[in-house]
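> build the 3D model from these lines:
(2 chains)
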Amino acid sequence: MSPIAIIALIIGIPSLLLLAYVFARGSTGLRRYILTRIALTLPMIFILATMVFFILRILPGDPVTSALGPKGTPEMIQHIRATLGLNDPLIVQYGRFLWNMVTLRFGNSLVGGHRPIIDEMSERFPATLELIIPASILALLIGVYGGALAASKRKKTLDYSLRVYSVVIYSLPIFWFGLLLQLFFGVRLGWLPISGRIDAIIGTQLKTVTNIYSLDALLSGNWPAFFSVLEHLVLPTITLGLILSGVFLRMTRINVIETMQADFIGAARARGIRERILIYGHALKNAMIPVITLIGLQVAILLAGAVLTETVFSWPGMGSYLVERISARDYTAVQSVITVFAILVALISLAVDVIYSLVDPRVRY
Amino acid sequence: MNRQRLFVAAALLVVASMILSACGTAATPTVAPATQPPATAAPATVAPATAAPATVAPVATTPPAASNPDTIIIGTTDKLASLDAADAYATHDWEILRNISDGLVYMKPGTTDLAPDLATDMGKISPDGLTYTYTLRDGIKFGDGTPLTATIYAAQLNRLLTIGPKCPNDVADTLAVPYVKSITAPDDKTIVFQLTTPIAFFPQILAGGPYVATDPKTFKADACNLFPTAPVYGVGAWYISQYNADEQMVLLPNPYYTGPLKPQVKQIIVRFYSDPNTMALAVQSGEVDVAWRILSPDQLTSLKKVSGLTVGAINGGSIRYLVLNHTIKPYDDPNVVKAIASAVDRNAIADTVYAGQVTPLYSMIPPGFLGADESFDTMYSAPNVDQAKKYLEASGYSATNPVKLEMWYPPEHYGASTAAWMQLIKTQLEATGEIQVTLTSQEWSTYVPALTGGKSYGAGVLGWFFDYPDPSNYLDPFVFNRGEGTNVTIPATGSLTGTPINDKAKQLVALLNQADIETDLTKRADLYKQAQNLYADLVVTVPLFFNAEHIVYRSNIKGDANNAQPENLNIGPDILFFYSELSKSK
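Numbers count the residues shown, from 1 in each chain, chains lettered A, B, ... in the order given. Predicted coordinates:
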């Protein structure tokens, strides 16, 4: 079984269980809502994939001439184009693309080794997953607790500092911030590795199953590999996580402040409940609902951030893969990655809506 | 000061120190994470590390890669496109192929001198120059212990002639099919090449990646296998034990290797980088021992200042030149192209844009190659603005009636500095007062066919790197049959050379044809000198400068002092990096 299939199972089984739970326990309205969302997601992905297909063909450039350069004779170019099916009518290419998408085969890359896209994504997708999960957790931890802290110290130095932090960190270019961290912690102090997913030598002894190295290291009980993976995750996770944390921080702060003015907080305060419990035990819980919505909206930004973070840290994930293939005009690879990203965003957005209904019983569909 | 203020002050301190460290020159790290030694068994053939004189100050600490003396980690931004010798057509692909397998002949490390490798000698050439016969030396084995016979070798080489469209990178159509008629093995020791036409540079072609011995179990006769599953064996000093695409490749010594380039360490790891900046930081921090291809001039300038690193410059065969299309106005006017050749100041490009890291080029054949002669310097003494004006005025141009030129360039393919030096060329040409240049950039994959197709763009810039290190590969492609967009010959079906556009072009074609089959080196060099003069007179292209390739390595890495260019880790003008030349001290 390929790593991507294993990951699909790891993510898919809990998702299906969640969906089954919601269907079993949820209202008729919720069930109808989920079915409508799924029905709408399919044409959305289809429209997006179609747009990407045609935009790529309209853009100047060609994968064959791009790869061969001045040494490519017209005969060679024609021969390779024919081999890759690029001389077929556009409608035939489009039909082939759609069929490859539906069957999840994605076709073969048009450049380099002309490998199946599914194989290339099997190697790349787990790396991205390994990066964006801890980055999201870090962003949420800093954002939510920073926001609550800022709200609790409203109009004090700490509040101002955290607000400045949230604006500054969100405005920083990822590549610049990543480079700064590499120089300081990697080169100047020598504390942390600056590139790759695992130490080159330790990596030779890691047996991969899922291609999520931390998981593979745990499964095989390879502790040096596990710690090496964690070590390599630190700087990319901080880069991506901190940059995303700014939005969460501002959103949480505003919502906590608003909630703190609600009647039930006033009543609780009158009963003598301590301020700390009021904020973290009552206000924060209620303020989380818009934040959960924001998580769904931030997935697309997270993936866009991953593109830059992966490039800066030579992290061989989907983001750096996309950048490489766009410049090489590898139509099939670019189409496939964007479609996978679209599916991911749509699914997470759906999951957020479902979770939303579970978290807030007042929500009715 | 309360806790909150302390927190803010500490945060500001951290940010300030980070910014300061980003602005300053980075030093080597002081603390290194622990690493684990590889689990590989050392083969009997591994030789002790050679001692070579230190070239840089020692580093103060032991960074990750440097902590293991048995493993050398090489960083690169090159991507692997194919491991099938019948297909691979990229510098880095050939580098890996030549490390895991050998050909009949090879270029000695650090030079372009040919020497026998799998063959016992340099072979026998028939009097008509059409038959080359080689004898295999004894005891050649693949990494899994399978012996290599001439029959196996010839059968594998025949893939070049038969595999055709199954291989997408199509190296065979350039470096085998046009020259080789048949490859046979009359017995288990002898290989015979029958050529389609006599060519003096056939041994140079034989030394390239397509002619190495490949494993018939991995590379079948009727299929192209671009990325075989590891382990991948050849008959070279190393074999590929692991390969994670775009991440790293692990090479271990071939225990059956009996050739001249014995491994000095137990393991080589080639680490792939997507960003040259990250690779530059990785060699600084010690994550890699060697950073090889491709770092920008800015990165090299800053790395030269880092204690404990050596930056080697290899005068390789990568050149930049202006393509002038001789059938598009006004480049069809000999005076206009001569004026361009006279006005261009190559030294200004090298000094201003590249801070001296490129070398001005006055012939398409770079220095060091057979017959290389600085014809453009002799003929035009560029920059010579007065001479350029005379040429232009001879064609009726003046300050009030300037010649209008459209020039094109790709903005990124040859680095961001291309725009800077193309702008400089525009300024230099316009300094004549009789030329007006419109400079336009175009994305690479649109740019190439428009320029080399010979129909759309009149002038533009291109780079060239040889397929085989021979002067013919620096002149023939720009003259014969459309000539990469120069159009000094017009395509003619069934003709390798095309139809020359004038008498001088006809003479040039004849000279190049003669030089291609001349086996006497003195006579051949003389023919190329004549050809270069004619080439400069026609201004087929305007050679501008050649790039040195750069290698950056840490102070505990050494090349082989017994071979040429140990300071560049024995990489010669053919840009071939033999990993066996490397040794590492603690």
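> got the domain ranges for chain B?
B:2-308+B:555-584, B:315-547 (automatic domain parsing).
> who touches residue B:196 in this structure?
B:178-181 (CB atoms under 8 Å, 6 or more residues apart in numbering or on different chains). For every residue, glycine as well, the C-beta is placed using N, CA and C.
> nearest the geometric middle of chain A, what residue?
residue A:303 (3.9 Å; CA atoms, centre = their mean).
> please name the nearest non-neighbouring residue to that one.
In this structure, residue A:303 finds its nearest non-sequential neighbour in residue A:341, 5.5 Å apart by CB to CB, 6 or more residues apart in numbering or on different chains.
> before we move on, back to that, make TSV from the domains of chain B and add mean pLDDT to it.
Output for the domains of chain B, formatted as TSV (pLDDT from 0 to 100):
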stretch	mean pLDDT
domain B:2-308+B:555-584	83
domain B:315-547	92
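> list the helices and strands the helix or strand containing residue A:349 packs on?
Using DSSP states H and E, residue A:349 sits within helix A:331-359. When contacts are defined as 3 or more CB pairs under 8 Å, 6 or more residues apart in numbering or on different chains; DSSP states H and E, helix A:331-359 packs onto helix A:3-25, helix A:28-58, helix A:90-102, helix A:117-152, helix A:284-312, helix A:318-327.
> quick one: the longest one to chain centroid distance?
When you say that, I think you mean helix A:117-152. Averaging C-alpha positions (CA atoms, centre = their mean, to the nearest Å) puts helix A:117-152 7 Å from its chain's average.
> sec struct for whatever residue of chain A ends up closest to chain B, please.
Chain B sits closest to residue A:190 of chain A, with a gap of 2.0 Å, by CB to the nearest CB. Of the three states, residue A:190 takes coil under DSSP: H, G, I helix; E, B strand; the rest coil.
> burial count for it?
Residue A:190: 22 surrounding residues under other CB atoms under 10 Å in any protein chain shown.
> correct me if wrong: it contacts residue B:285.
Yes. With contacts counted by CB atoms under 8 Å, residue A:190 reaches residue B:285, the gap being 6.4 Å.
> so residue B:326 is in contact with residue B:333, correct?
No. Taking contact to mean CB under 8 Å, the distance of 9.4 Å between residue B:326 and residue B:333 leaves them out of contact.
> chain A contacts on the stretch 401-550 of chain B?
Applying CB under 8 Å from any CB of the partner chain, we find that the stretch 401-550 of chain B lies next to chain A at B:412-413, B:442-446, B:448-449, B:451-453, B:462-464, B:467, B:477, B:484-485.
> does chain B sit close to stretch A:134-154?
Yes. Contact of stretch A:134-154 with chain B is found when judged by CB under 8 Å from any CB, involving residue A:153.
> buried residues in that stretch?
Buried residues in stretch A:134-154, defined by neighbour count with 16 or more other CB atoms under 10 Å in any protein chain shown: A:134-136, A:138-140, A:142-152.
> next: stretch A:105-123.
A:106-115, A:117-123.
> tally up the residues packed near the residue lying closest to residue A:126 once chain neighbours are set aside, please.
Nearest residue to residue A:126 in three dimensions, chain neighbours excluded: residue A:211, at 3.7 Å (CB to CB, 6+ apart). For residue A:211, the neighbour count with other CB under 10 Å is 23.
> could you check the pLDDT of residue A:211?
At residue A:211, the predicted lDDT confidence score is 91.
> partners of the strand ranked longest in chain B in the sheet?
If you go by DSSP state E, chain B has its longest strand at strand B:309-324. Sheet pairing of strand B:309-324 (DSSP bridges) gives strand B:459-464 (antiparallel), strand B:541-554 (antiparallel).
> quick one, helices of the stretch 401-550 of chain B?
B:418-430, B:444-452, B:472-479, B:503-517, B:521-538 (DSSP state H, counting those that start in this stretch).
> mind giving me TSV with the ones you listed and columns for mean neighbour count and distance to residue A:347?
Shown next, in TSV, are these (neighbours: other CB atoms under 10 Å in any protein chain shown; distance: least, CB to CB, whole Å):
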stretch	mean neighbour count	distance to residue A:347
helix B:418-430	19	43
helix B:444-452	23	34
helix B:472-479	24	52
helix B:503-517	19	62
helix B:521-538	20	62
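> the more surrounded of residue B:326 and residue B:333?
residue B:326 (24 against 18).
> a strand runs through the more buried one, doesn't it?
No. Counting by three-state DSSP, one finds residue B:326 to be coil, located in no strand.
> distance of it from chain A?
17 Å (CB to the nearest CB, to the nearest Å).
> what does that residue show for phi and psi?
Residue B:326 adopts backbone torsions of phi -80, psi 0, taken as degrees, to the nearest 10.
> likewise for residue B:244?
Dihedral angles (degrees, to the nearest 10) for residue B:244: phi -110, psi 110.
> just checking, it touches residue A:124?
No. When contacts are counted by CB under 8 Å, residue B:244 is not listed as touching residue A:124 (10.9 Å).
> common neighbours of these two, please.
Contacts common to residue B:244 and residue A:124, judged by CB under 8 Å, 6+ apart, are residue A:316.
> neighbour count winner among the two?
Taking other CB under 10 Å, residue B:244 and residue A:124 do not tie; residue A:124 has more neighbours (28 against 19).
> contacts only, for the more buried one.
Going by CB under 8 Å, 6+ apart, the list of residues near residue A:124 reads A:316-318, A:320-321, B:246.
> thanks again, I'm all set now.
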